[in-house]
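**Student:** I would like the atomic coordinates for the input below:
(5 chains)
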Amino acid sequence: MMWQQFTPELYHFAAALLFTALSMTRRVDNRRDYWVALSLAGGGLIVCLAAVRAEGLLFLNTYKVDLFAQLFKVLLSMGLFLVVALCSELNGVARRWHSEFYLLLFTCTLAMMLLVSSVHLISIYVSLELSSYSLYVLVALRRDAAMGTQAALRYFLIGIFSSAIMLFGLALLYAATGLTYLSDLVQVLPGVIDQPLVLVAVVLTLGGFFFKLALFPFHFWAPDVYVGAPNQLAAFIATASKVAAVAVLLRVVAATGGQETLLVDSLAALAIISMTVGNLAALVQKDFKRLLAYSSIAQAGYVLIGILCMSPEGADAAIFYALALLLMKFTCFLAVVKIAADGGNPSLDALAGLHRRSPLLALALMMAVFALAGIPPTIGFTAKLLVFSAAMHKGYLVLVLIAMFNVVISLYYYLLIVKAAYLTEPAVETPAPVLSLSARALTTALIIAIVVVGFYPNPLIVMARQASSSLF
Amino acid sequence: MALFYAEFPFLTAILLCCGAGLLTIMLIPSNHPQLIKWVSAVGSGLTLVLSVYVFIAYDQGLGGLQFVERYPWIESLGIQYFNGVDGFSLPMLLLTGIVFFTGVLSMWQLELRVKEYFALYFLLVAGVFGLFMGLDLFFIFVWYDVSLFPMYLLIAVWGSTRKEYGAMKLTLYLLAGSALILPAILYLVAVSGLNTFDLVTLTRPGLFTPFQQKLAFLLLYLGFGILAGVWPFHTWSPVGHVAAPTGVSMVHAGVLMKIGSFGVLRLGIFLCPEGWRYWAPLMATLAVIGIVYGALAGLRQTDLKYVVGYSSVSHMGIVGLGLATVSVDGLNGAVFQMFAHGVMTALFFSSIGYIYERTHTKMIPELGGLSRIMPRAATFFIIAALTSIGVPCLASFWAELMVFIAAIRVFPVHGVLAVSALVISALFMLRVIQKTCYGPRNATMAHLPDVSFSMSLPRVILVMVIVLFGFFPGLMVDMIQTASVPLLGGSAHDVAAVYP
Amino acid sequence: MTLYSLLFYLLAIIILASTVMAVTRRNLVHAIIYLVVSFFGSAMLFYLLGAPFLAAIEVIIYAGAIMILFLFIVMMIDVDRHKERLFPIRQCLPAIIFGLVYAAVGLMVTFGHSGSKASMPIAVATPNAFGRFVFEHHWLAVEIVSLLLLVALIGALYLGRLKIEKSAAAGKETP
Amino acid sequence: MNVPLTHLLTLAGGLFFIGIWCAVTRRNLIMVMLGIEIMLNAAALAFVGASLRWQQMEGQAVALFVLAIAAAEVSVGLALIICIYRRYRTLDPAKVQ
Amino acid sequence: MTQLIQPQIVWTAAMSAMFLPLIAFGLILLITHRWARVSAALAIVAAGASLACSVYLLATLHDVQIPLRSTQTWMMTSDFRITFGYLLDPLSLLMLVIVAAISLLVQVYSLGYMTGDPGFARYYAFLSLFAWAMLSLTLAPNLLQLYIFWELVGLSSYLLIGFWYEKFSASEAGKKAFVMTRLGDVAFFLGILLLLMNLGNLDILRLNAPETTDRLSPGLLTTAALLIFGGIVGKSAQFPLLTWLPDAMEGPTPVSALLHSATMVAAGVFLLARLFPFFNASPTAMSVCLAIGAISMLMAATMAMVADDIKQVWAYSTISQLGLMIMALGAGGYAAGVFHLTTHAGFKALLFLCAGIFIHAFGTNDMFTIGQAGARKRRIPMICLIVAAAALAGVPPFSGFFSKELIMARLADHPNPLWLIVGLLGVWLTAYYTFRLIFVMLRPRPGVIPQTAEGHAHHGAHRFAEGAMNVVVLLLAVVAIVLGWFEKPISAFIVAPHSALAATGGHHAWLLWVTLALAASGVALAWLEFGRRTATQKGFVEKMPALQTLFANRWYLDRLYRRLLDDGIYRGLSRLCAKNDQKVIDAGLDELAGGTVASGRMIHGLHAGMIQYKLLTISIALGLLGIYLLF
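**Tutor:** Below you'll find the predicted structure:
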């Protein structure tokens, strides 16, 4: 019985093992790795979908399988599947390391799945570390090794620094309460949150998750890593990794009960600084991926608003936002990958004339960008609406106003992307990005998803509500 | 039969016309521009017919909301797909239908990226229609943005003078407005504690405290005010209009600016009547500054579109003044002015578009003698200008009359200033007419052809509308009355009895 | 003051002092040696705190394996050629300021916390019990850590081979 | 043992701070790593102390995992540092750009 | 009698009188604008039918005691109903007939005058538009309807003055006329609103009722009256808004005859008469009327003394005569003012139309040139011109004599003798400048006869054109001759509703002789200076350069306005606003955007720093957070 609930994790573990084995065989053809990975990732998605209604507590209550976790597992496996689908031309990674690439990708996904289900501080910590280490190594896999190792070093240093901070926070938390199970913390924490030690402990603990979400001040890795990582991996970091961070943050923050205004205020301050810093810095970017990195810092700020509400509405909003981010960011990176077919880093100028070279891709990019900017009727708007609505129900009018002004600032660079794709003509005629039939189908599906989910989000919101009900 | 009409979703049908038009255009290969234009014309014509039908079929005796359509949409948030029309939205629907149709016809000569243009155009107009008929705050906001964001591409791709700058400025500026509107909406929904976005439910009196109303109204007023060209948030208007192509200018100045004032009316005034009364002096002051300032600043402009842009600022000031008076007359006048200004500006831009297309200039000093060169085009322009200076028996006059009556009663000083601005606006428009249409024929342009009969169709329609409502203002005012009188309490018939 | 507490304060002073020394050494080898002393102190403290198994592990892994690894690397890449500036002012000044802040916050936090003023009881987790506990309660975490070590292994392997490839291809990697 | 937890936490805090100080100010990648190791050690110390305070083994278990992770960290980190050193011939983070 | 009148027929007649020209206007614009003759025919038929209806109304209703009123709602907003309808009382009936008659005559005349003009159809359309607006104005039963058509009349005036829009001066004059009258209209409109606010009603009959005026406080009454008088000043080109009318002569001469002398500018006086009891209730307002009328009359007369342009002379004279009428009304001479309006309409139209014939024939406006070119040889217009001039100068037995007599008598009744003196001075000046012109034309200066191009394109229809014009002027001359004899019945007719006000003034036998003597001396002086065989043709004013410049420059009023407009509005306020828009608001926004981007650049720069700085930032941020949380 217990193992059935653990199927998605086991599946991905097995997949990772398979790639471990594959990495040891002689390389015949990269296509083999791709197809294996794609089918495995597809299978993983199906498994996760099948297991979505599973429920139970495993491993002596350290591991909780509920709708919340299973939903996020679906999102994670979807993210993995989408990213793997982009890997048909994995030119950013040296050919001989493709198996390791997939291996680490699956391991990372597995780690995140463990993360979203963990309800014990130890398992949260170690699975967080596992996912981080997979990513450090993945980033270093960039074919242009100078760029890869550079980015990996920064990522690594900031990562371990924040994980050390988080660890110390956990230690303080443990010292103050003597509890390690989230379920216990939910009971006790709201009562003791006004103690300075607990407050500091919580804030330090959150640092590790903020790192994952690329929130100020733990966001410094994002621009370098997005640029330094292979494009597909950057897509993975921007999507799946964020989704997992949202999930675990929701779990942890919800445990604090939301009664302490100091904590809420400081989170709000971080959210505001994060979005402001992200948006302002993104204004002047020329490199598409770096721009997306800053934009994701800003988006993290928006998500945090939903999280800091510590209310069911806020949790719904954050969950929905995670899904939205997955779709929007992935669509952007789809464009990145397709435009930079050689695996390089496209600049904004590389988008010039895209509307002629590939109207579909341009349309998808435009929709994704508008969604990121939060313009209706796209999924991004609905997500923002939910987040802001939740914040407003808590009475955070000023926060919402500031966030909305950030949205306006962000619009500028999003429009620059649209302008690059739709208005400017390329100085040198560049070949049209090759979109296979399946890629076309994928792109179309993404466009439709972005618009339809944005316009009629009701089923998903209902789903999110059910999922978040276990948090409070 | 009546049952059938009541049940047929006419309002959704209008939206569907836009949607179907959009899809059809998307499916037509881009190498059939003529077909695309015809599809656009048919689609927009259908919306016009439908909006005229709705306007006529509305039962004025009954008043209130009619043609109501209501389906649950996002239940957990209390969001519904909720459409309906009343005396305020019907003029706007009619206006949109007219401007949409004539806007399509005015762009018949377009050759660049025809498919994309009309697709975006349809999207834009769908947003406008949706907003005017929407009664759910969520949808109102969605439509608001849907009507704004195609604007960027429409201006930046098909525009002219400083188009990228203008497009960026306009889009950012207008969406900055939405940065105030969305929080205001969410704030009201949150403090109501009703978990609904239903406008009608939220209008229930006593739902919000005076402070909440003041706060929310201010946000809504500033947010929508940007789009309505309220001084000092008006500077996007000249820049944007100069940059935009003809059809877009028409829709933008003609209809989109109305969204701003309509938003203030529909959201601000309906939801926060206390706030409305509280901020009315501010509104009136800004409006009067806009009226005078727009006319004065326009006096020195040399670009025709700048001129019209500033005149729009001035005219929208009249709308604002009407709204600020908190009286039935003021509301009637404001809504009527919204309609009249919409048609008039559409006519303006349509004529200027034609002139620009032929002469390749819209700089006033380079023009002259147009009345001799292209009499029809010049006539349309002159009629628009005369409407703009408030000549009686043209639609705008009545609106201004009502606004002034209301304004003098409530804010005497503001009213006197606003009335005095009539002189400046006359000076301003007549100067433009003199410099462009009159004077000796410009030899370099002498060979240019006049508007052909078919090409003058959109302008003729607009002129006819202006004259029709100029001679029979009752058609419109009676309609608006059905909404404005209940809004301010009291029924139309009681009030009428006071002064036989 | 019992012997235990005396020992604790002694160890605390040793640990802090040797760590400070480690941090302020210009010579990396010296720094590492000081750190080893600090870690030994920590191990003793672990023992004192009733974690004999951890104390052993600390000596073996931290003071042993990890520090040796550092030492290897330091020796291998002969950093002393580069005269680094100890504590550049641009980093030092903000660090001093936030150090003061930390001190204030830390004192406030630790001494403001009422529950931990009481002296701690003495207890020992025998390695046996500890091992049983870890594998009963946290075998999932153990598995995860093992995976983590695998990933680290692959990473080290990859990174190690990377430089060989690089030197072979003279700066430009072969795909 | 008659030491209150507060004192232990003070010790851990001091170590943690020295670790941060080292990581932040020493212009040497190896010293940065060492600083972070000190931070981890401080956390482990706090965990073990708290474990004693609450008479549980959870804290000790965490410390165990911390050691394991520190090992992994060092291996990956030092490998990276070597790569960097090979390329830039320096460990000064200011010059590794 | 009343029971014999069938309301249905009256309604139909009034409505057709008003709307037939509108229909003609619409038809011409929409359908027949390509066919000049059809358009003209349409317009003339409409005008003729209007005249017929008017005459019918006058005939049926001339002895009806109670004014007939009919209104229907045009538009209704909250508590205010804007109505459209008609008010048939002696004043409006009289005015209706005048307007309809002169419209028709001018339209017929224009057949000749405008032959061959490319804008022939447009011209008739505008004339019809004017006729509609003017007739509706005349019949307006309430002030708002009056205001609406008042504005429309202004519009048609604008269109007609700028009819030859290719001429800069014409379009400029049209603009000027519109804007200056607008200035007055704003005051008028404000006055209307003031009344509306305080009375809730704008019905003219009610306004004139004593119980209404009693309800208003004197201050309010005076304010309202003065504001409305502002409109009158604008429309009737009184001081200080008088400079537009001379410029308005840029329009075709028939237009000047119709709009700018006989009917439209008289609308101001008409309004004053219309609201006479209302104004009468405010002595201050009446004094202001008197003063403004007097100033305008003298000022314009002095300008006329030095003008060489034949139309300009008549334009000044129009202002002057309108001033006189306003004086008359201001002095309480209701019948005098209205009767002078009537006679003036006839003879001033005649003056213009005669002048038009000369202008048409010789292609110049300069009276000296026209004289040299042989104006004398054109008998019919010359005689008619003399008849009209005599009427204007107040020479018996022409119509002007009678009406002026009435006015002078009225002024003599006024307690302040100043007004009588002013009026008499006006009489003398009028006689002088009128006959100055006549003598100049009769006695051409010896010299080269300039070979002027024939005015407007002359085609085959030449004879027909002359015929049409001559018939019209002859008709009008007859009117100028005979109208004076109907003084008594007309006065009685119009005074009827205001019998309470029609205080019969004392009879001043001496005044008749004084007036006659003054008129005669004026004519004589004109003859001395211009008409004698040896005359130098230089007036006594022209011998005084200072006065000559002052008068010729219209007392520098024009220049003053120009300065105000150019420096005050264009270079001052307008520039301020435009610059503020560009340099402050817009530039501020751009700065804001630029600043945002610049701060973005700065923040981006911070991110490019060394890794340790980032760690440092994290630490500092945590420290700050700690401070916030704990302190």
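
**Student:** Only C-alpha atoms from now on, for both contacts and neighbour counts.
**Tutor:** Fine.

**Student:** Point out where the stretch 501-631 of chain E drops to low pLDDT.
**Tutor:** Within the stretch 501-631 of chain E, the set of residues satisfying pLDDT under 70 comprises E:501-507.

**Student:** Quick check: residues of it near chain B?
**Tutor:** E:569, E:570, E:573, E:574, E:575, E:576, E:577, E:578, E:581, E:585, E:586 (CA under 8 Å from any CA of the partner chain).

**Student:** got a list of what residue 40 touches?
**Tutor:** No chain was given, so I picked chain A. If you count contacts by CA atoms under 8 Å, 6 or more residues apart in numbering or on different chains, residue A:40 has them with residue A:15.

**Student:** my bad, chain D
**Tutor:** A:164, A:167, A:168, D:16, D:66, D:70 are the contacts of residue D:40 under CA under 8 Å, 6+ apart.

**Student:** Is it possible to get TSV of the residues of the stretch 501-631 of chain E next to chain B that adds neighbour count?
**Tutor:** Output for those, formatted as TSV (neighbours: other CA atoms under 10 Å in any protein chain shown):
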residue	neighbour count
E:569	18
E:570	17
E:573	18
E:574	25
E:575	20
E:576	18
E:577	21
E:578	21
E:581	19
E:585	17
E:586	19
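
**Student:** Can you report phi and psi for residue E:87?
**Tutor:** phi -130, psi 120 (degrees, to the nearest 10).

**Student:** and it, how many neighbours does it have?
**Tutor:** Residue E:87: 23 surrounding residues under other CA atoms under 10 Å in any protein chain shown.

**Student:** Confirm for me that it is in contact with residue E:66.
**Tutor:** No. If you go by CA atoms under 8 Å, residue E:87 and residue E:66 don't touch, sitting 10.4 Å apart.

**Student:** Most distant residue from the centre of chain B?
**Tutor:** Ranking residues of chain B by C-alpha distance from their mean position (CA atoms, centre = their mean) puts residue B:443 at the top, at 37.5 Å.

**Student:** Distance of that one relative to chain D?
**Tutor:** According to CA to the nearest CA, to the nearest Å, residue B:443 and chain D sit 66 Å apart.

**Student:** can you tell me how far that residue sits from residue A:341?
**Tutor:** According to CA to CA, to the nearest Å, residue B:443 stands 57 Å off from residue A:341.

**Student:** got a list of what residue 157 touches?
**Tutor:** Just so you know, I chose chain A. Per CA under 8 Å, 6+ apart, neighbours of residue A:157: residue D:33.

**Student:** That was the other one, I meant chain B.
**Tutor:** Residue B:157 neighbours (CA under 8 Å, 6+ apart): A:422, A:423, B:163.

**Student:** what about the residue lying closest to the first one once chain neighbours are set aside, how many neighbours?
**Tutor:** Think residue A:422. Leaving out its chain neighbours, the residue that sits closest to residue A:422 by CA to CA, 6 or more residues apart in numbering or on different chains is residue A:355, at 5.4 Å. Using other CA under 10 Å, residue A:355 has 21 other residues around it.

**Student:** likewise residue A:394?
**Tutor:** Neighbour tally, residue A:394, other CA under 10 Å: 18.

**Student:** Give me the subset of the residues of the stretch 501-631 of chain E next to chain B lying in helices.
**Tutor:** E:575, E:576, E:577, E:578 (DSSP state H).

**Student:** Need these in a markdown table (columns: distance to chain C).
**Tutor:** Below are these laid out as a markdown table (distance: CA to the nearest CA, whole Å):
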| residue | distance to chain C |
| --- | --- |
| E:575 | 53 |
| E:576 | 51 |
| E:577 | 50 |
| E:578 | 50 |
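
**Student:** Give me the nearest residue to residue E:38, chain neighbours excluded.
**Tutor:** Closest to residue E:38 by CA to CA, 6+ apart is residue E:32, at 6.7 Å.

**Student:** buried ones in the longest helix anywhere in chain C?
**Tutor:** The single longest helix within chain C, with elements called by DSSP H, is helix C:139-169. By 16 or more other CA atoms under 10 Å in any protein chain shown, the buried positions in helix C:139-169 come out as C:140-142, C:144-149, C:151-156, C:158-160, C:162-163, C:166.

**Student:** so how far is chain D from residue A:68?
**Tutor:** 26 Å.

**Student:** and that residue, how many neighbours does it have?
**Tutor:** With other CA under 10 Å as criterion, residue A:68 counts 26.

**Student:** what does chain E put close to chain A?
**Tutor:** Residues of chain E lying near chain A (CA under 8 Å from any CA): E:596-597, E:599-604, E:607, E:611, E:614-615, E:617-618, E:621-622, E:625-626, E:628-630.
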